[in-house]
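mind looking at a prediction? Sequence and model below.
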Amino acid sequence: MDVVIGPNPSSGRFWVDVREETSDFKFEVSDVSGQIVHSVVAQHSRFQVELEVETGVYILTVQSENGRSARRLVVW
């Protein structure tokens, strides 16, 4: 699954672009310890996210019926 996020690094406000033909995506952001800090089900392949989290490195995971993809996200 091809997932693009930007800007990265960000202030916590970024967009996610999933380049795949499917209707629903489960989207999660977790910290480096594995704790989920944000979770949502999106119905569009491109959407904007606003996180209110501490500065650090996070893992963005997108899952659909066709697979799963993870990306590193830096929040400053």
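Good, I have the coordinates. Residues are numbered from 1 along each chain as shown.

what is the burial count for the nearest residue to S64 once chain neighbours are set aside?
Excluding its sequence neighbours, the residue lying closest to S64 (Cβ to Cβ, 6 or more residues apart in numbering) is T22, at 4.7 Å. Using the backbone N, CA and C atoms, a C-beta is placed for each residue, glycine as well. Neighbours of T22 under the rule other Cβ atoms under 10 Å: 13.

what separates the closest residue in space to A42 that isn't next to it in sequence from S33, distance-wise?
Closest residue in space to A42, ignoring its immediate chain neighbours: F25 at 4.7 Å, by Cβ to Cβ, 6+ apart. Counting by Cβ to Cβ, to the nearest Å, the gap from F25 to S33 is 24 Å.

more neighbours: which of these two?
Using other Cβ under 10 Å, the more surrounded residue of F25 and S33 is F25, with 23 against 5.

dump stretch 53-73 to PDB, restricted to CA.
Provided in PDB are the C-alpha atoms of stretch 53-73 (Å, rounded to 0.1, in the frame of the first residue of the first chain):
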ATOM      1  CA  VAL A  53       0.900  15.500  21.100                       C
ATOM      2  CA  GLU A  54       4.300  16.100  22.500                       C
ATOM      3  CA  THR A  55       7.300  16.600  20.300                       C
ATOM      4  CA  GLY A  56       8.700  13.300  19.200                       C
ATOM      5  CA  VAL A  57       8.700  10.400  16.800                       C
ATOM      6  CA  TYR A  58       5.400   8.600  16.100                       C
ATOM      7  CA  ILE A  59       4.400   5.700  13.900                       C
ATOM      8  CA  LEU A  60       1.500   6.200  11.500                       C
ATOM      9  CA  THR A  61      -0.300   3.000  10.500                       C
ATOM     10  CA  VAL A  62      -2.900   2.800   7.700                       C
ATOM     11  CA  GLN A  63      -4.800  -0.400   7.200                       C
ATOM     12  CA  SER A  64      -7.400  -1.400   4.600                       C
ATOM     13  CA  GLU A  65      -8.900  -4.600   3.300                       C
ATOM     14  CA  ASN A  66      -5.900  -4.800   0.900                       C
ATOM     15  CA  GLY A  67      -3.100  -4.500   3.400                       C
ATOM     16  CA  ARG A  68      -1.300  -2.400   5.900                       C
ATOM     17  CA  SER A  69       1.400   0.300   5.800                       C
ATOM     18  CA  ALA A  70       3.400   2.100   8.500                       C
ATOM     19  CA  ARG A  71       5.400   5.400   8.200                       C
ATOM     20  CA  ARG A  72       7.500   7.300  10.700                       C
ATOM     21  CA  LEU A  73       6.100  10.800  11.600                       C
END
